[in-house]
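# starting from these lines, generate the structure:
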Amino acid sequence: MKNLAFALGTLAVAAIAIFQLSTVTIGSQSQLFASDLHSKDIEEAFIQYIAKYGKTYATKEEVTKRYNNFARSFKLVQEHN
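Numbering: from 1, shown residues only. Next up is the predicted model:
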């Protein structure tokens, strides 16, 4: 029962994360990230990160800032590995 509650909680956080990201997307152009930091892999990793750790952000600007910081770190790790 505890595992089910955890799974449902994780799913709910993931849904919120996806909603947060979708609210900053306009048409086919996303306003979330700088063009040099855009990658489907990075975007998916960011969604997983905010879902896993229950992150929420109050404004679109904060989502953008957090995404760009995450993307820079993600790219550094990828280059290092």
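
# now do the buried residues in the helix or strand harbouring E79.
Secondary structure assigned from DSSP states H and E places E79 in helix 60-80. Across helix 60-80, burial judged by 16 or more other CB atoms under 10 Å covers V63, T64, R66, Y67, N68, F70, A71, F74. In short, each C-beta sits where N, CA and C put it, glycine included.

# name the nearest of those residues relative to D41.
F74 (8.1 Å; CB to CB).

# and the gap between N69 and K40?
18 Å (CB to CB, to the nearest Å).

# pLDDT weak spots in this structure?
Residue ranges of the chain with pLDDT under 70: 1-37.

# all strands for it, in order.
Assigned by DSSP state E, the strands in the chain fall at 25-26, 29-30.

# what's the helix holding E79 packed up against?
If contacts are counted by 3 or more CB pairs under 8 Å, 6 or more residues apart in numbering; DSSP states H and E, helix 60-80 sits against helix 2-23, helix 40-52.

# nearest to A45, of the buried residues of helix 60-80?
So of these, ranked by how close each gets to A45 (CB to CB), first place is F74, at 5.9 Å.

# which one is that closest one nearest to, not counting chain neighbours?
Leaving aside its chain neighbours, F74 sits nearest to I42 (5.1 Å; criterion: CB to CB, 6 or more residues apart in numbering).

# wait, the one you found sits on N68?
No. Here I42 lies out of contact with N68, judged by CB atoms under 8 Å, at a distance of 10.0 Å.

# isn't Y49 right up against Y67?
No. Look at Y49 against Y67 with CB under 8 Å: they stay out of range, at 9.8 Å.

# what's around Y53, how many residues?
By the criterion of other CB atoms under 10 Å, Y53 has 9 neighbours.

# backbone dihedrals for it, please?
phi -100, psi 10 (degrees, to the nearest 10).

# list the residues that contact the residue nearest to F74.
Counting by CB atoms under 8 Å, 6 or more residues apart in numbering, I42 touches F33, F70, A71, F74, K75.
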